[in-house]
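Asker: Structural data only, the sequence is not supplied:
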């Protein structure tokens, strides 16, 4: 594939509540699948007020998020050093591998977040509270 184009409205919405193994119970559009991506994960996440992606980390994947619509409360950082940030449309943030991150929609009308992750690997969420600073530093050094 040299290139591909997809209109997001043509990409089907997946209701994750129907897939028992995959929390959270949100709706997504798998843009990566529609575009045939192999090295990058690319998803649109749709939130109602109060819905969230809980605080987690990944062992390999770096993730970038961009708020398209709505207001969110972000939780970011290492265990016991987390910061909370209020963010709205146009805000982007990144979480390196092994660094905790999560976000909750706080706007009445819901919200939409674009999530980009690389490498595109099966990298289930880790509990950031179970990681120690030496493990995190070693993983980040390996990425450099």
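Answerer: Great, that's in hand. Remember, predicted model here, so these are calculated numbers, not experimental data.
Asker: Let me see the residues that make contact with the strand or helix carrying residue 73.
Answerer: Applying DSSP states H and E as the criterion places residue 73 in strand 72-77. By Cβ atoms under 8 Å, 6 or more residues apart in numbering, the surrounding residues in contact with strand 72-77 are 47, 55, 82-88, 91, 93, 95, 99-107, 111, 113. For the C-beta atoms, the positions are set from N, CA and C on the backbone; glycine is no exception.
Asker: Likewise for stretch 113-123?
Answerer: 32, 37-45, 47, 58-68, 70, 72, 103.
Asker: ok so, going back, of the contacts of strand 72-77, select the buried ones using a PyMOL command.
Answerer: Only the buried members of the contacts of strand 72-77 end up in this PyMOL selection, burial being decided by 16 or more other Cβ atoms under 10 Å:
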select buried, resi 47+55+82+87+91+93+95+99+100+101+102+103+104+105+106+107+111+113
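Asker: Spatially central residue for the protein, please.
Answerer: Centroid-nearest residue in the chain: residue 115, 4.9 Å away (criterion: Cα atoms, centre = their mean).
Asker: quick one: average pLDDT of the helix or strand in which that residue is found?
Answerer: Assignment of secondary structure by DSSP H and E places residue 115 within strand 111-118. Across strand 111-118, pLDDT averages out at 96.
Asker: Note down every partner strand of it and its orientation.
Answerer: Within its sheet, and counting by DSSP bridges, strand 111-118 is paired with strand 41-47 (antiparallel), strand 62-69 (antiparallel).
Asker: the inter-axis angle of that strand versus strand 72-77?
Answerer: 30 degrees (axes from the mean of the first three to the mean of the last three Cα atoms, to 10 degrees).
Asker: How far off centre is strand 111-118?
Answerer: Between the centre of strand 111-118 and the centre of its host chain there is 5 Å, according to Cα atoms, centre = their mean, to the nearest Å.
Asker: And stretch 80-97, by the same measure?
Answerer: Centre to centre, stretch against its chain (Cα atoms, centre = their mean), the figure for stretch 80-97 is 11 Å.
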